[in-house]
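Chemist: mind looking at a prediction? Sequence and model below.
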Amino acid sequence: MKHFFILLCLFAFASCKKEKITPPPVLEETIELKVFPVFGGSTLYLDSIYTGPNGERIKVTDIAFYLTKMQSNGLPLSEVAYFDYRNMGNALLSLTKKHTDFPSLSGVIGVDTSLNHDDPSAFPNESPLNIANAGPMHWGWNTGYIFISIEGKADTLVDGTDNLDVSFSYHIGTDAMLQPFSFPQINWVQTGEKKYAFHLNFELFTFFFNPLQPVNIATEPFTHSGAGSQALTQKIAENFKEALFPQ
Amino acid sequence: MMRIVWLSTFLLLLFACKKEKAEFRPTPLAIQIPSHFPEMPIPTDNPLTEEGVELGRYLFYDKRLSGNDEMSCASCHMAFASFTDTAKYSTGIDGIQGNRNAMALINLGWDAFFFWDGRATSLEAQILEPVPNPIEMHETWKNGLNQIKKDVTYRNRFYRAFGVEDFDSTHAAKAIAQFIRTMVSGESKFDVMYKIENNMALTSYEQSVQIDAEEWAGYDLFKSLNGADCFHCHNGPLMRVKKFSNNGLDANPTDVGRAAVTNNPNDIGKFKVPTLRNIALTAPYMHDGRFKTLDEVIEHYSSGIHPSPTIDPLIEFAGQGGVQLDAQEKYLLKKFLMTFTDLNFINNPKFQDPN
């Protein structure tokens, strides 16, 4: 009887033992910003040839730019975001943040003056401003970073040959060329569980053939934002801003 | 008396036979990074240790890793030439030559891709290639390391570095990678110029370095868009950018370069942009060693550019053959290029043959 009682107690004890349930990890919300280069509304692929309104053949080989001091109604989103189409695809920014905190977005196209002249080696390893990552986007401490870099080749001669005989490179920088941007309403798209995305287009057709101030690649193939090319630099910067818009 | 002799003999034999005991207690090693350099990214699975670096240095100079025991890494990466080969093409143990110039081993800890075509994406992966390559050291890692394993000192070094007795090529590659990451060059005249230009604090030694007007003029030319226009691809303290570029060597490149890795015809003729550090010591130049002197290199960018469909758009004066420098400008540019020479780097005793 005694044994029976002990067994009963043990059974009751074992059966009462709570099953230990590990709570599922709390999934934090992530938001992504992506940029989609397009030409006339269709996806632009680097190294592919596109034709302009007057038959100009254009091959874009690199698109890169910085956006800094991004925020929404005073709430900081990111100090710096870097887009490099060749090496990083469409990615601009990925953060663990709540999308509802950012109903709008504003910031600066380029590297804000407060960052532009710092030691490029002193930024954290993972920062796109660190010289090890910035590489060709950094000119020097004095001039700072290239804010916008668009490079490629074009066939601008009506000579019957299809040679892409003109190289172009538009490098926009220096503090005077910083431009504010603002998207008053962000339409966040849910892309997964607790994942939201905001997509921008960069329309190269608008960039090159802006009806108010088109870029003539044949006569305006280069600017490095130097003293002799302020007009072209200004035009490129403005066309870039106009060509970057939410989807 | 006899008892004492016997006892002494016994003790002597005991100590003579005592094995050297290796322990696995690796000592973390912090490299002295120049103040104007970015932090070096170290892979989490291969942290730097004193034991690992020491092992890597021995392996770097060890000829037993080659098929005929006559060639080591150092055979094609000679210290006096800033750890490259003075020959246009290096010759392997079977007398076969490759078709690319050996790259200099300078500040590779900051690089993200290796070889002229960037086919290796880590230093460790790069190091695994030359040993079994039939036109280089032509030996299997297994055979090479079996030779090494006969050496108890080496076995102990591997154990101290990685805590393994049965080591393999991955351990050897990690050790050599650690050694190469310590090979930092940042004590050239250019480094002083870079610091002065950017108002950085100079050490007392740096304050004593004399930089003449011609060297400053050459630097201006180097950076000038209407001058030599070099800085698009060679800038910052590392004096290179992370990219592949077709710098106008050939209208129809026979060596397709990066395209062989990516299978992308848009990469034909593109090669890794190398650092310019110690450039005066690393002749011959370009991926195929076609230029014997700095003068030939300067002439190429001045008047020898060949346009092609994949030429870098930043070679902005390709249409006129190059940047068209006059004799004085070429002289100044060369003077500036000489400021990259860092003799402390090539003579650093820590990088020399430990044997």
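Modeler: Arrived safely, thanks for sending.

Chemist: what about the chain, any weak spots by pLDDT?
Modeler: Let's take chain A. Applying pLDDT under 70 to chain A flags residues A:1-20, A:24, A:158-162.

Chemist: my bad, chain B
Modeler: Regions of chain B meeting the criterion pLDDT under 70 cover residues B:1-21.

Chemist: now do the helices in it.
Modeler: B:2-17, B:50-60, B:73-76, B:123-127, B:141-149, B:152-162, B:169-181, B:189-197, B:204-208, B:213-223, B:259-262, B:294-303, B:327-338, B:343-346 (DSSP state H).

Chemist: could those be laid out in TSV, adding distance to chain A and mean neighbour count?
Modeler: Heads up, the C-betas are built off the backbone N, CA and C, glycines and all. TSV is the format used below for those (distance: least, CB to the nearest CB, whole Å; neighbours: other CB atoms under 10 Å in any protein chain shown):
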stretch	distance to chain A	mean neighbour count
helix B:2-17	50	9
helix B:50-60	21	23
helix B:73-76	25	22
helix B:123-127	15	21
helix B:141-149	31	16
helix B:152-162	25	19
helix B:169-181	14	24
helix B:189-197	7	20
helix B:204-208	16	10
helix B:213-223	7	18
helix B:259-262	11	17
helix B:294-303	15	18
helix B:327-338	15	18
helix B:343-346	18	16
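
Chemist: could these go into CSV alongside distance to A:Met88?
Modeler: As requested, the helices of chain B are exported to CSV (distance: least, CB to CB, whole Å):
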stretch, distance to A:Met88
helix B:2-17, 61
helix B:50-60, 32
helix B:73-76, 33
helix B:123-127, 21
helix B:141-149, 35
helix B:152-162, 34
helix B:169-181, 25
helix B:189-197, 28
helix B:204-208, 37
helix B:213-223, 27
helix B:259-262, 16
helix B:294-303, 30
helix B:327-338, 33
helix B:343-346, 33
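
Chemist: can you give me the end-to-end span of stretch B:234-242?
Modeler: Stretch B:234-242 has an end-to-end distance of 10 Å (CA to CA, to the nearest Å).

Chemist: that stretch: how far from the chain's middle?
Modeler: Chain-centre distance of stretch B:234-242: 15 Å, with CA atoms, centre = their mean, to the nearest Å.

Chemist: and the contacts of that stretch?
Modeler: Residues from elsewhere that reach stretch B:234-242 (CB atoms under 8 Å, 6 or more residues apart in numbering or on different chains): A:120-121, A:131-132, A:135-136, A:138-140, B:34, B:36-38, B:107, B:110-113, B:186, B:190-191, B:194, B:222, B:232-233, B:273-277, B:340.

Chemist: for the residues you listed, which ChimeraX command selects only the ones that are buried?
Modeler: Here is the ChimeraX command that selects the buried residues among the contacts of stretch B:234-242 (16 or more other CB atoms under 10 Å in any protein chain shown):
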select /A:120,121,131,132,135,136,138,139,140 /B:34,36,37,38,107,110,111,113,186,190,191,194,222,232,233,273,274,275,276,277,340
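
Chemist: thinking A:Trp141 is in contact with A:Ser121, fair?
Modeler: No - assessed by CB atoms under 8 Å, A:Trp141 is found out of contact with A:Ser121, at 10.1 Å.

Chemist: would you map the helices across chain A?
Modeler: Under the criterion DSSP H, helices of chain A are mapped to A:2-16, A:85-88, A:113-116, A:131-134, A:204-209, A:230-243.

Chemist: so what's B:Gly257 closest to, chain neighbours aside?
Modeler: B:Phe271 (4.6 Å; CB to CB, 6 or more residues apart in numbering or on different chains).

Chemist: so what's the one you found bridging to?
Modeler: On the basis of DSSP bridges, B:Phe271 is bridged to B:Ser245.

Chemist: and stretch A:36-51, does that touch chain B?
Modeler: Yes - using CB under 8 Å from any CB of the partner chain, stretch A:36-51 reaches chain B at A:46-47.

Chemist: how distant is that stretch from the center of its chain?
Modeler: So, by CA atoms, centre = their mean, the centroid of stretch A:36-51 is 17 Å from its chain's centroid.

Chemist: now do stretch B:147-159
Modeler: Counting by CA atoms, centre = their mean, stretch B:147-159 comes out at 26 Å from the chain centroid.

Chemist: and for stretch A:191-203?
Modeler: Going by CA atoms, centre = their mean, where stretch A:191-203 is centred and where its chain is centred differ by 12 Å.

Chemist: restrict that stretch to CA atoms and write it as PDB.
Modeler: What follows is stretch A:191-203, C-alpha atoms only, in PDB (Å, rounded to 0.1, in the frame of the first residue of the first chain):
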ATOM      1  CA  THR A 191       6.800  42.600 -48.200                       C
ATOM      2  CA  GLY A 192       6.700  40.000 -45.500                       C
ATOM      3  CA  GLU A 193       6.000  39.400 -41.800                       C
ATOM      4  CA  LYS A 194       7.000  42.700 -40.200                       C
ATOM      5  CA  LYS A 195       8.800  43.700 -43.300                       C
ATOM      6  CA  TYR A 196       8.000  46.900 -45.100                       C
ATOM      7  CA  ALA A 197       9.500  48.600 -48.100                       C
ATOM      8  CA  PHE A 198       9.600  51.900 -49.800                       C
ATOM      9  CA  HIS A 199      10.600  51.900 -53.400                       C
ATOM     10  CA  LEU A 200      12.000  54.800 -55.400                       C
ATOM     11  CA  ASN A 201      12.500  55.000 -59.100                       C
ATOM     12  CA  PHE A 202      15.500  56.700 -60.700                       C
ATOM     13  CA  GLU A 203      14.300  57.600 -64.200                       C
END
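
Chemist: what about the residue nearest to B:Val323 when sequence neighbours are not counted, neighbour count?
Modeler: By the measure of CB to CB, 6+ apart, the closest residue to B:Val323 outside its immediate chain neighbours is B:Phe317, 5.0 Å from it. Neighbourhood size, B:Phe317 [other CB atoms under 10 Å in any protein chain shown]: 18.

Chemist: thought B:Phe317 was touching B:Asn226?
Modeler: No - judged on CB under 8 Å, B:Phe317 makes no contact with B:Asn226 at a distance of 9.3 Å.

Chemist: longest strand of chain A?
Modeler: Of all the segments of type strand in chain A, defined by DSSP state E, the longest one is strand A:57-72.

Chemist: so what strands line up beside that one?
Modeler: By DSSP bridges, strand A:57-72 pairs with strand A:49-51 (antiparallel), strand A:75-84 (antiparallel), strand A:105-109 (antiparallel), strand A:144-155 (antiparallel).

Chemist: check the offset of the third one from the chain's centre.
Modeler: By that I understand strand A:105-109. With CA atoms, centre = their mean, you get 12 Å for strand A:105-109.

Chemist: same question, stretch A:93-101
Modeler: Worked out by CA atoms, centre = their mean, stretch A:93-101 lies 15 Å from the chain centre.

Chemist: can you check stretch B:72-80 too?
Modeler: Per CA atoms, centre = their mean, the centroid offset for stretch B:72-80 relative to its chain is 10 Å.

Chemist: dump the C-alpha coordinates for that stretch into CSV.
Modeler: Taking C-alpha atoms only, stretch B:72-80 is exported to CSV below (Å, rounded to 0.1, in the frame of the first residue of the first chain):
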residue,chain,number,x,y,z
SER,B,72,58.1,29.2,-51.7
CYS,B,73,55.6,32.0,-51.8
ALA,B,74,58.6,34.4,-51.3
SER,B,75,60.1,33.1,-54.6
CYS,B,76,57.7,35.3,-56.5
HIS,B,77,57.0,37.8,-53.8
MET,B,78,60.5,39.1,-52.9
ALA,B,79,60.8,41.6,-50.1
PHE,B,80,63.2,43.9,-51.9
